[in-house]
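Enquirer: okay, predicted coordinates and the sequence, questions at the end:
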Amino acid sequence: MVVIEVVVVVVVVVVVVIVVVVVVVAVGGGGGGGRVSVEKPGRFMLGVALVVLTFLTGSGAVKTTILEPIRSTGDEVGLIFIPGAYIDGDQYNQTARAIQEASELRIWVALTGHYFNSLVDNIQIRYAVEDAIEELQKAGMVSKNFVGVGHAFGGYFLQVQSKHFAHLKALVLLGSTLSRDIELEDFPIPVLTLAAELDGVTKITRVVEEYDKLTNNLTSSLKGLYRNPVILIEGANHAQFASGDVRSAIQSRDLPANITLDQAHALIGQHVNTFLTVTFSTEDSQVDEALRDLAEAFLRSVKKFQPFLDVKKLDTDGKESMWTILAQEYFAGVYADRVAVYNAILHNIHYSLVEPGIEVQGDDLIVGTISQVHHEDKYDNVGLQALMESPREISMKLMSRDAFWKILHGQNDSKPRTEPNTCESLNRLALYLALAASSPDARDRYSTSGRPIIFEDDMMPWVNFLWGVSPLQMWEDKDGLHVRSVAMVTQRYHYCKVLPAYRAMEWVNVDALRPDPARG
């Protein structure tokens, strides 16, 4: 193992020149007209010191640890690790060793670390990758097969800056993803997205978006399955992509793992090796075996990813909300077999102006419902990701059961307050749908160690107008997730602000398991 501290002399010289110029100008070295008065020299010098410190301890002092191959033969590949937030580069030593041990390739490793404030940024990563390549070559690596391996925050900056790294032939993202607006098939180099089922930082619900991109492209070509695979490690969490202690900021968001660190590293090694073999090996027999292994790993992952995608599309497919259709059928009760429901998703003022309706066709009723889906703002930066990948709420405009009774029986003497349905009952139905779609292991985790969803009574504004501006109420504490719907009920209509089915599934599978309810 060779440890090299990279000192970027040019940067130091530039910083010194900048500091000298700033000081000269500040103290009056340019004549009276250009003189800058420094009223608080202490603060000024502190600012200068911080600039120098940022450069010297940031890009100028990134450390690279080289791990030499454990194989004497095989195609050469160089892995350049970019760490996650607050994780030191050497904490990926065991992960890298697991990849080497799983592979017949001759794998070199460069572990980059000692980033300023233990955080990768756009400036430091460019120096880190360039210097890692240089040190790998100095250590004896001959081939040009360099692969960027980024964990979480490191993966984000690695893919953002990849356009500057002409030498990189592929990326491996550990607990990280490409930006939301980038299609996997459009990325210029192969990418492995390796996710952990119990990752509380880069949630499985975020990775499902990448899985959706991949499967959409597979309809036209299977090439993406091997070039840009999205694979899930069951039972692993975010911290297990590395080893050793992690900062409390990560621990508070991460979930308890169901497998040991050694088991997680072995699985990481297997999946990364399979991807590297498919991408770089010149041995046909190795490639054929790796292709089979990659396909099998993907099919196992499908069983986990697809239910999330199904429930996500239950809330909305962009045009209609099947969740709203199910809610209306549920509200129809005994009349459900005579009701055909359709739905339209509207936005803003259009939603506020349109009402649901019923049309009689023979013995059947055609019911039109209206929905509005409210989403959280979403970010690509791991440090700024939304607390919820799922929608925040779904506003549903439904027909009341009274309306069905009146049409089918010709009269209705009941009052709106006698409506047997509640929006709370729909929230309970959302949880039922989420549990039904979740894996047996996930249901077991939720029932034994998860915080429950607590269903509060509906809130009914005293003026119907207030329903439109009153959001679904959700708050989290040590007891669980409290949910209170906002309802508006008349003899004809039943309007609800309800829990999205996908939010219930995200809670069951991720957020309910988080040890610290105060952090997301």
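Expert: Yep, that arrived. As the structure is a prediction and not an experimental result, all values here were calculated from the model.
Enquirer: when you work out contacts or count neighbours from here on, use the C-alpha atoms and nothing else.
Expert: Fine.
Enquirer: what's in contact with the longest strand along the chain?
Expert: Scanning the chain for the strand with the most residues, using DSSP state E, yields strand 364-374. Here strand 364-374 makes contact (CA atoms under 8 Å, 6 or more residues apart in numbering) with 316, 320-321, 324-325, 328, 338-347, 351, 354-360, 391-399.
Enquirer: buried subset of the residues you listed?
Expert: When the contacts of strand 364-374 are checked for burial by 16 or more other CA atoms under 10 Å, the buried set is 316, 320-321, 324-325, 328, 339-346, 351, 356-358, 391-399.
Enquirer: mind checking which of those are in helices?
Expert: Residues from the buried ones among the contacts of strand 364-374 lying in helices, with DSSP state H as the criterion: Thr324, Ile325, Gln328, Tyr351.
Enquirer: give the contact list for the last one.
Expert: I take that to be Tyr351. Here Tyr351 is in contact with Ile345, Ile370, Ser371, Gln372 (criterion: CA under 8 Å, 6+ apart).
Enquirer: hang on, Glu506 packs against Ala430?
Expert: No: using CA atoms under 8 Å, Glu506 is not in contact with Ala430; the gap is 11.4 Å.
Enquirer: can you check the pLDDT for Tyr379?
Expert: Looking at Tyr379, its pLDDT is 68.
Enquirer: can you map out the helices along the stretch 201-350 of the chain?
Expert: Assignment of helices within the stretch 201-350 of the chain using DSSP state H, counting those that start in this stretch yields the ranges 204-218, 223-227, 248-251, 261-280, 284-315, 322-332, 348-353.
Enquirer: distance from the chain centre to stretch 272-284, please.
Expert: Distance of stretch 272-284 from its chain centroid, counting by CA atoms, centre = their mean, to the nearest Å, is 27 Å.
Enquirer: neighbours of Ile250, how many?
Expert: By the measure other CA atoms under 10 Å, the count of residues near Ile250 is 18.
Enquirer: nope, Asn421 is what I was after
Expert: Neighbourhood size, Asn421 [other CA under 10 Å]: 17.
Enquirer: you'd agree it is up against Gly333?
Expert: No: Asn421 is beyond contact range of Gly333, at 9.1 Å (criterion: CA under 8 Å).
Enquirer: joint contacts of these two?
Expert: Arg401.
Enquirer: name whatever forms a beta bridge with Thr64.
Expert: Thr64 forms beta bridges with Ile4, Thr112, as assigned by DSSP bridges.
Enquirer: verify the stated contact: it with Gly113.
Expert: Yes: under the criterion of CA under 8 Å, Thr64 makes contact with Gly113 at 6.4 Å.
Enquirer: burial check on Thr177, number of neighbours?
Expert: Neighbours of Thr177 under the rule other CA under 10 Å: 31.
Enquirer: I misspoke; the intended subject was Gln361.
Expert: 8.
Enquirer: that one bridge partners, please.
Expert: Assigned bridge partners for Gln361, using DSSP bridges, are Asp364.
Enquirer: determine which stretch of the helices of the stretch 201-350 of the chain is the most buried.
Expert: Highest mean neighbour count among those (mean count of other CA atoms under 10 Å): helix 322-332, with a mean of 23.
Enquirer: packing partners of it?
Expert: helix 284-315, strand 339-345, strand 364-374, strand 393-399, helix 401-409 (3 or more CA pairs under 8 Å, 6 or more residues apart in numbering; DSSP states H and E).
Enquirer: mind listing what's buried along stretch 228-243?
Expert: Buried, per 16+ other CA under 10 Å, within stretch 228-243: 228-243.
Enquirer: now, the most widely separated pair of the residues you listed?
Expert: Taking CA to CA as the measure, these span a maximum distance of 26.0 Å, between Asn228 and Ser243.
Enquirer: please tell me how far Asn93 sits from Gly175.
Expert: Asn93 sits 17 Å away from Gly175, going by CA to CA, to the nearest Å.
Enquirer: which of these two has more residues huddled nearby?
Expert: Taking other CA under 10 Å, Asn93 and Gly175 do not tie; Gly175 has more neighbours (32 against 18).
Enquirer: please enumerate the strands of the stretch 401-520 of the chain.
Expert: 453-455, 473-477, 480-484, 486-489, 493-498 (DSSP state E, counting those that start in this stretch).
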